[in-house]
Every structure is written in C-alpha cells, then in structure tokens.
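Novice: Please find the sequence and the predicted model below.
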Amino acid sequence: MGREQWKKVLVGSAGNMVEWFDWFVYASFATYFAGAFFPDGNPTAQLMNTAGIFAVGFFMRPVGGWLLGRVGDRKGRKAALTLTVTLMSASAVLIAVAPTYGVAGYGGAVVLLIARLLQGLSVGGEYAASATYLTEASDPKRRGFASSFQYVSMTAGQIVGLGLLIILQRTLSDDALHGWGWRIPFIVGALGAAIIFYLRRNMLETEVYEESADAGTVAGDDKGSMKALWAHRREAFLVIALTMGGTVAYYTYTTYLTKYLSNSAGLSKQTATLVSFCALIVFACLQPLAGALSDRIGRRPLLITFAVGSTFLTVPIMTLLQHAGSFWPALGLSLLALVIVTGYTSINACVKAELFPTGIRALGVALPYAIANALFGGTAEYVALWFKDGGMESGFYWYVAGCAAVSLIVYLSMRETRDIDLNRVKPTDPAVQPEPAT
C-alpha cells in the first residue's frame, strides 16, 4: 500500500481503538462498579444488572447503524467517523461522573443506562464506518490485510483498557478501585476521544467514495436509504447470518473471558485480567497475518475454519477453562480459542463491505451487523450469566457452539468476495449471491 493509503488506515484505526476502549472498559471494570449502582446482595445478580445495561447498549446499535450508516453514505465516511467519536466522548464523560446508589439511589443506574445508549449509537455507526473506510482506502489486492486493522485497533483498545486495569490493580487498593478508581478509565477515554475528534476532522475521504457518483451504482437520492438497502436485502440477511456465530464467539472470549475466569474458574481478578491481557496481545498480532492470508487464498476458507473450530471445540475449551486453576493453562486455552476466532475477526469487515455498492455500503454493513450484534453479541454475557445463575453453566457452551454451526452453513453456501471491484459491485453480481446449500 502507498503512503496515503497507510495514513488513512492508521488514522481510521486509531479512532477505532479509542471508540472500542470506551466500549470495552465498561465490561472490564464492571466487577468493580457493579456494586456502586445497585443495592448490596448477590455479586452474580449485580453483575447481571450491569450486563443487562451492557446488552441494552447493543440494542441501540441498530439505531446507530441506521442513523450513522445513512450519514456515511450520504455525507461521507469522514463525517460519520467524526460523529461517532463525538457521541462516544459524551458517553464516557457521563459514566465518569455518574452518582452511586448510595448518593442518588437508582439515579446513577439511569445515568449509566443513558451513557450506554449513547455508546450503542456511536458503536453502531463506528463499526460500519471504519470497516467501509479501511476497505475502500486500501489496495484492492490487500483489502483483507488493511481491513484486518479494524480488529487490531478494536483489540488494542481492549488491551489498553486491560493494561490500565492491571496498573490500577497494582497501584490502588481493592477498596479504592471499588470506591472511585473505576472512574479513571472513563476519564481517559473521554480525553482520548477528544484527540481523535481533532484527527478525524482532518482525515482524507476515500477515493472510492469520491468516485461513487460516476459509478452509478446507487442513485443520489437513494444513497443511505432503506429503499436502497431493501434492494440489497439478500446481502443484508447474509451479513446477519455470517455475523451470528462470529460475534457470539468473539464476545465470549474477549469481554466475558475475564469475568468467567474469576467468577467461574476461581482465578483471582488480577490473574484473570492478566490472562486476558496476554491473550489479546497475541490475538491482535494474528489479525494482519490472517487478513493477508485471505488476500491469497480467499475469505471463505478462513470463515469456514473458524466455524468448524467453534462448533466442535467450544464445549471442550470452555469446560477445560473452568478447571484451568492457574495462569498458564488458562492462557493456553484462551489463546487456542482466540486463534480459532481469528478466522472470523480478521476478515469480517472486508467481507461485509465487499457485498454492497458504494452508495449503500456503510448502511448495508451497519444495520444488519448491528442487528446481529444486538441479538447475539450483546446478549452473550447476559446469557452466560443466566445459565450460571440457573446452575446450568455448560448450557452456554452449547449455545455458542450452536450459533457457530448456523454460521458454518452460511459460509459453506456463500460465494467468494475477494476479487470484487468495489466501484462496480451491484445486487445482481453473481459473486455476492449465496449458493444454494447442498
């Protein structure tokens, strides 16, 4: 890739990192602030309450996907990316200053809920805007490699969040962390978002978007409209189906992993956090390698490998993790799970972007992806805790495997998208039509 392409990828990725730092620190620090917003009682019940609010943020993602996807298609990728980071900054400030249950009763939980709704709006548009931007900004022969930086930056945001948690765990007492220390990452996130706002205000638009008026793929008045999306409904449903298994597996082994290791496997919070931190560093490094591999052999082989691995290995991996007992076994099993998930995460951004023409690409990726995340990704942690609270924790393992099995059927029946011309893709292109399942 050329220098200008690298600049676009790096600026887009940096903003994405801050967005997802703010999104994920909620889950990473939930064990410390769960008791601050709800009455004393069962720790699992408190976590379920915070997980419920976490899930509510996901249900705002379709709204954000529609709103910001429309902005991205009609006003440009740059405009959408600038708006998403503004919303995320506001939400981080709200959480940082939210009053506790002891001060305002459930008023603090209401502030927390409003902040998560804003985060849901922001992330609902951020995923599609950054996926579209990174895919369009790259060399056509290296789209898999370039778009893999979306999950590099997403994971980097989570790593920074976990790294900050590790530092705070070692510099503050447990009481201090539960009392006020959990507010620090949200202050950091708000400041980071302000910096990214400045960078995105000066970023370059993609050439593919600027040339889209000449391509004639979507009429000007229909750009970013539900009418145009309905014309591509086959591709939209394909995005939902191929996302289902991947998003459940991703959130299981990233946001939920730390809680699972401490709440179910019996590891200390510090050890569980360190396991997640180390595993995610390796996971981030794997993304460009897998993305580059997809540029050589295609997207479908990686997707199929992920789905087969998740379908057949989720139950044994989760069962063994529950009995890991110490750092190294837990790290090894976590790495195995994340290597499998890499088959999805490294290329899912470009696969979805490659399905739609330029004038509907942002909305086409945003809305169906957000719907799939609201139904499956956002509820994964809550479903896991529900099974645990009901004394049937292993049921969640089968749930994750079942979701992967559904996506496997889709991966086996869909066509390859690697060689699609982004300026010419239309709903009638045979490359984006799913093959009948055999």
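Specialist: That came in fine, so what should we check first? Residues are numbered from 1 along each chain as shown.
Novice: Low-confidence ranges, the stretch 151-300 of the chain, go.
Specialist: 213-221 (pLDDT under 70).
Novice: ranges for the strands of it?
Specialist: Secondary structure of the stretch 151-300 of the chain, counting by DSSP state E, counting those that start in this stretch: no strands present.
Novice: Contacts only, for F387.
Specialist: 393-396, 399 (Cβ atoms under 8 Å, 6 or more residues apart in numbering). Glycine gets a C-beta too; all of them are placed from N, C-alpha and C.
Novice: Out of these, which end up buried?
Specialist: Neighbour counting by 16 or more other Cβ atoms under 10 Å classes 393, 396, 399 among the contacts of F387 as buried.
Novice: Return the residues in contact with the first one.
Specialist: E393 is in contact with 264, 322, 384, 387, counting by Cβ under 8 Å, 6+ apart.
Novice: Output the contacts of F387 in TSV, with secondary structure appended to each entry.
Specialist: Output for these, formatted as TSV (DSSP: H, G, I helix; E, B strand; the rest coil):
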residue	secondary structure
E393	coil
S394	helix
G395	helix
F396	helix
Y399	helix
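Novice: any chance of those in a markdown table, plus pLDDT and distance to N16?
Specialist: Formatted as a markdown table, the contacts of F387 follow (pLDDT from 0 to 100; distance: Cβ to Cβ, whole Å):
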| residue | pLDDT | distance to N16 |
| --- | --- | --- |
| E393 | 94 | 33 |
| S394 | 95 | 35 |
| G395 | 97 | 34 |
| F396 | 97 | 29 |
| Y399 | 98 | 29 |
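Novice: still on that earlier bit, between the buried ones among the contacts of F387, which is nearest L338?
Specialist: F396 (17.8 Å; Cβ to Cβ).
Novice: That closest one reaches Y382, doesn't it?
Specialist: No: contact criterion Cβ atoms under 8 Å: F396 and Y382 do not qualify, at 10.4 Å.
Novice: overlap in contacts of the two?
Specialist: Here F396 and Y382 share no contacting residue, scored by Cβ under 8 Å, 6+ apart.
Novice: Quick check: buried residues in stretch 162-169?
Specialist: 162, 164-165, 168-169.
Novice: which one of the residues you listed is nearest R200?
Specialist: Nearest member of the buried residues of stretch 162-169 to R200, counting by Cβ to Cβ, is L164, at 22.9 Å.
Novice: Return the residues in contact with the closest one.
Specialist: Per Cβ under 8 Å, 6+ apart, neighbours of L164: 25, 184-185, 188.
Novice: 10 Å - rerun?
Specialist: By Cβ atoms under 10 Å, 6 or more residues apart in numbering, the residues touching L164 are 21, 25, 28-29, 184-185, 188-189.
Novice: nearest to G245, of the buried ones among the contacts of F387?
Specialist: Distances from G245 to these, taken by Cβ to Cβ, are shortest for Y399, at 10.9 Å.
Novice: can I assume the closest one is in contact with M244?
Specialist: No: counting by Cβ atoms under 10 Å, Y399 does not reach M244; the two are 11.5 Å apart.
Novice: what residues do those two have in common as contacts?
Specialist: Residues within reach of Y399 and of M244 at once, by Cβ under 10 Å, 6+ apart, are F376.
Novice: Name the next helix or strand downstream of the helix ranked longest in the chain, please.
Specialist: Assignment by DSSP state H gives helix 107-137 as the longest helix of the chain. The helix or strand immediately downstream of helix 107-137 is helix 143-147, counting by DSSP states H and E.
Novice: Output the helix or strand harbouring Y382 in PDB with nothing but the alpha carbons.
Specialist: Y382 is part of helix 380-389 when elements are defined by DSSP H and E. C-alpha atoms of helix 380-389 as PDB (Å, rounded to 0.1, in the frame of the first residue of the first chain):
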ATOM      1  CA  ALA A 380     -23.800 -13.300  25.100                       C
ATOM      2  CA  GLU A 381     -22.500 -12.200  28.500                       C
ATOM      3  CA  TYR A 382     -26.100 -12.000  29.900                       C
ATOM      4  CA  VAL A 383     -27.000 -15.400  28.500                       C
ATOM      5  CA  ALA A 384     -23.800 -16.800  30.100                       C
ATOM      6  CA  LEU A 385     -24.600 -15.400  33.500                       C
ATOM      7  CA  TRP A 386     -28.200 -16.500  33.200                       C
ATOM      8  CA  PHE A 387     -27.100 -20.100  32.600                       C
ATOM      9  CA  LYS A 388     -24.700 -19.800  35.500                       C
ATOM     10  CA  ASP A 389     -27.300 -18.300  37.800                       C
END
